[in-house]
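>>> Kindly generate the corresponding structure for this input.
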Amino acid sequence: MISSNHRVKQSVVLLLVVILLGLIYLNTLYLPTVEHTCQTIKITDTSQAAEIIEEEETNVCLTDKVLRNVDVYHTAAHVDMWKHLEEKTLTAYQHQWQKFIHQVESEPMPNFKGRGIVMVAGNRDTFHRAITNIKLLRHAYGCILDIEVWHLDDEQPAEDIIEELRNLNVKARDLSDPTLPRPIIHRRGGEKQFQIKAAAIINSSFKEVLYLDSDNIPAKDPTDLFYTDEYNSTSALFWPDFWKTHGENKIFDILNIPCEDIWEQESGQMVLNKAKTWLPLQLAWYMQDHSEVYFQFLNGDKDTYKYAWQALNYPYHMSEVFLGMAGNMVGDRFCGHSMVQFDDYGNILFVHANLIKDTPPGSFITPNHIFDLLKRSTLSHNNTWIKPEFYVGNGRPCMDFTHREGEPEAVTEVFDDVLPQLQNKYFEYGGLNEWIS
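Numbers count the residues shown, from 1 in each chain. Below is the predicted model of the structure:
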């Protein structure tokens, strides 16, 4: 039989439990409301929360931040294919390049030594442009770096060209030599042989390489690039292009890398330490060697380097200053036919005459003068809100900066005032006379 004292104790405990539960309930009624988002911050404005969640979930490469800067011609030709590729297809190509890299890791790296410049040439015009730039390096700038000019087996230079190269202390080298690490025995179909660039760099005798396109005009002796902090900390120097990569591009899935709001790479010049970047350089070669696949994602060889470095998590330094343009007026609008590349301090390093070869001969009126103006963005340091635009003016391919959406203004200067004597020297040593007549 339960005593009365025990019943009292039970009643008191029950009463205390009821009071405690009541206090907890009342307290919850007056706690401040906190809406949790993916950023775990206190937000009471639901519209603000929605914006943050939307921003987190949206692929930035599918927004106007990137889409306004894509190469519209390359994208239009391939975007439907990108959208319809199945996951198993992407996985298969990912496994293939990974297997290739595992194989390279198991093989000894060839011995290389020294520093030098690597160029690629083929027909007489490209050899002529290469020799003009080499004369500029040797005679105007006093550059003493060793130089190798590589060519395909069916593009053997004539004896007079070989003699001229020899007088400039330059070696002409054949990519078809079977003893090379990455020989190219036969020419591929198509006019442009993008796949030979990485092969030339890999096959060169140099441990450290400055690669230069034959139509890329150095504005000074480039030897100092090997001594910069950016190069010594990363072993790879790259420069930006005018475009960004579309978010639907499946190169990001194949290489398992993120799509970002960054500029693509312009590969007319690169500085590499092969000994320290051997693996990504091999992956770049692999993508170029399998151009029938990878060039449906990438517009030529140029981004095979940057994306190979990213895929293998190797560091590189992309110049922080956005490229400019050199050209002249076509009617009442500026027509840029050459890329102008800078160092991180805004000093001009290279003038890459990339659109000159697509310009009709005779387009330039003044003899030995194809660069009238130089144009660059006023806020070009680490800026992705810039709008370069391609257009055709009087049958000529042109680039220009536009300012329709609040982009920074561009400044236009007289080319010869910014780079005195460069143009005169360039034409003194050969120039691009086929486009002047």
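>>> what's the strand or helix carrying residue 83 in contact with?
Taking DSSP states H and E as the definition, residue 83 sits inside helix 72-84. The contact list for helix 72-84 (CB atoms under 8 Å, 6 or more residues apart in numbering) reads 246, 248-250, 296-297, 299. Glycine gets a C-beta too; all of them are placed from N, C-alpha and C.
>>> got JSON lines for those residues, with pLDDT, distance to residue 389 and secondary structure too?
Converted to JSON lines, the contacts of helix 72-84 look like this (pLDDT from 0 to 100; distance: CB to CB, whole Å; DSSP: H, G, I helix; E, B strand; the rest coil):
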{"residue": "246", "pLDDT": "96", "distance to residue 389": "17", "secondary structure": "coil"}
{"residue": "248", "pLDDT": "96", "distance to residue 389": "21", "secondary structure": "coil"}
{"residue": "249", "pLDDT": "97", "distance to residue 389": "21", "secondary structure": "coil"}
{"residue": "250", "pLDDT": "97", "distance to residue 389": "26", "secondary structure": "coil"}
{"residue": "296", "pLDDT": "96", "distance to residue 389": "25", "secondary structure": "coil"}
{"residue": "297", "pLDDT": "97", "distance to residue 389": "23", "secondary structure": "coil"}
{"residue": "299", "pLDDT": "94", "distance to residue 389": "17", "secondary structure": "coil"}
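>>> and of those residues, the nearest to residue 264?
Nearest to residue 264 among the contacts of helix 72-84: residue 299, at 8.1 Å, using CB to CB.
>>> Low-confidence stretches in the stretch 151-300 of the chain?
For the stretch 151-300 of the chain, the stretches flagged by pLDDT under 70 are 189-194.
>>> So which residues of it form helices?
Here the stretch 151-300 of the chain has its helices, by DSSP state H, counting those that start in this stretch, at 159-167, 196-203, 229-234, 251-255, 278-289, 291-294.
>>> after the helix holding residue 83 comes which helix or strand?
Per DSSP H and E, the first helix or strand lying C-terminal to helix 72-84 is helix 87-105.
>>> Kindly export that following helix (C-alpha atoms) in PDB.
Extracted C-alpha coordinates of helix 87-105, given in PDB (Å, rounded to 0.1, in the frame of the first residue of the first chain):
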ATOM      1  CA  GLU A  87      27.700  10.500 -69.200                       C
ATOM      2  CA  LYS A  88      29.200   7.100 -70.300                       C
ATOM      3  CA  THR A  89      30.800   8.800 -73.300                       C
ATOM      4  CA  LEU A  90      32.400  11.400 -71.100                       C
ATOM      5  CA  THR A  91      33.600   8.800 -68.600                       C
ATOM      6  CA  ALA A  92      35.200   6.800 -71.400                       C
ATOM      7  CA  TYR A  93      37.300   9.700 -72.600                       C
ATOM      8  CA  GLN A  94      38.200  10.600 -69.000                       C
ATOM      9  CA  HIS A  95      39.500   7.100 -68.400                       C
ATOM     10  CA  GLN A  96      41.500   7.100 -71.600                       C
ATOM     11  CA  TRP A  97      43.500  10.300 -70.800                       C
ATOM     12  CA  GLN A  98      44.000   9.100 -67.200                       C
ATOM     13  CA  LYS A  99      45.300   5.800 -68.500                       C
ATOM     14  CA  PHE A 100      47.700   7.700 -70.800                       C
ATOM     15  CA  ILE A 101      49.000   9.800 -67.900                       C
ATOM     16  CA  HIS A 102      49.600   6.700 -65.700                       C
ATOM     17  CA  GLN A 103      51.600   5.300 -68.600                       C
ATOM     18  CA  VAL A 104      53.700   8.500 -68.800                       C
ATOM     19  CA  GLU A 105      54.300   8.400 -65.100                       C
END
